[in-house]
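Asker: Here's a sequence, model it:
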Amino acid sequence: MLWLKELIGQTEGRVPVGPFLKIPSIEVVEIMKAAGFDFVVFDAEHAMLSVSELNVLIAIARSLDLPPLVRVADHGYGDMQRILDAGATGILWPHVSNADECRRLVGQAWHPPTGTRGSGGGMRAGGWGISRDADIDYRRDGRDRVMRVPMIEEIGAVEQADDILSVDGIDGVFIGPGDLSMTMGKKATDPEVVDAVERTYQVAKARGVPVATLARGAADARRLIDHGYDFVMVGNDTGMLGRAAQALVDEIRG
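Answerer: Reported below is the predicted structural model:
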């Protein structure tokens, strides 16, 4: 079983890249693996993905050795607990605003005594409780291998990035340029937005926290990798399908 947390920094200079997936389709996950992506992020914040659908998608991704992360819809405990027990190898929390909020979320994804995550070793994350060491493996993986990733995507969070990224248990941070630009009332390419992203990036690097963001295509992904990002999200399945379909129609119609 591959884990993104173990891939970061250990791919001989190849930075892991992965897409957001919104379509509840087994075939889409298989295609992303065949295409060569290193991981996938199922987008439960914006897409209409139920926990039952995520359960199936996570199982398929794990069977393909394609680390599945999930961007959850909110800061609640219930869905996150079930998603982790289903075998997700990471959680991304949207709109983390301050250190106290981050500390509570990270704690929910850690077992006691560090956090408050309940015990569900009889689920996929615990190998269905079959092996002699199932409970030990379940707790070890939940502690050491699952990625806990706050998303900084508001200008207020940028100003508190050092406090947020000082929270014990963070395994990465995602800087969201799209929502950040909206909170600033500017385009994502505006120098003030670019500066806010860079300031957050520098805080993460100073703290030794693996940092990711969203690339706008292949050239932008290469630029981010060269800049020093530790893992990169690039595109999503609906966008890839839509652009390919539009390009085909445009080519036919001249």
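Asker: ok, and for stretch 147-166, which residues are buried?
Answerer: By neighbour count with 16 or more other Cβ atoms under 10 Å, stretch 147-166 contains the buried residues 147-155, 157-158, 160-161, 164-165. (Glycine included, C-beta is placed from N, CA and C.)
Asker: My error: substitute stretch 187-196 in the last question.
Answerer: So, applying 16+ other Cβ under 10 Å, buried residues of stretch 187-196: 188, 193, 196.
Asker: ok, then the element right after the helix or strand where the last one lies?
Answerer: Using DSSP states H and E, the element containing residue 196 is helix 191-207. Proceeding C-terminally, helix 191-207 gives way to strand 211-215 as the next helix or strand, assigned by DSSP H and E.
Asker: Which of the buried residues of stretch 147-166 lies at the shortest distance from residue 20?
Answerer: residue 151 (12.0 Å; Cβ to Cβ).
Asker: if I look at the residue nearest to that closest one when sequence neighbours are not counted, how far off is residue 139?
Answerer: Distance criterion Cβ to Cβ, 6 or more residues apart in numbering; nearest residue to residue 151, sequence neighbours excluded, is residue 174 at 4.6 Å. Taking Cβ to Cβ, to the nearest Å as the measure, residue 174 and residue 139 are separated by 26 Å.
Asker: Counting neighbours, go ahead and name the busier of the two.
Answerer: Looking at residue 174 and residue 139 with other Cβ atoms under 10 Å, you find the greater number of neighbours at residue 174, namely 25 against 18.
Asker: Pairing partners for the helix or strand where that one lies, with directions?
Answerer: Using DSSP H and E, residue 174 maps to strand 173-175. Strand 173-175 pairs in its sheet with strand 147-152 (parallel), strand 211-215 (parallel), by DSSP bridges.
Asker: Take those and write them to TSV, including distance to residue 38 and mean pLDDT.
Answerer: Below are the strands paired with strand 173-175 laid out as TSV (distance: least, Cβ to Cβ, whole Å; pLDDT from 0 to 100):
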stretch	distance to residue 38	mean pLDDT
strand 147-152	13	98
strand 211-215	12	97
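Asker: right, so of those strands, which gets closest to residue 17?
Answerer: strand 211-215 (7.8 Å).
Asker: what helices or strands is whichever helix or strand comes after the closest one leaning on?
Answerer: Moving toward the C-terminus from strand 211-215, the next helix or strand (DSSP H and E) is helix 218-227. Contact partners of helix 218-227 among helices and strands, from 3 or more Cβ pairs under 8 Å, 6 or more residues apart in numbering; DSSP states H and E: strand 211-215, strand 231-236.
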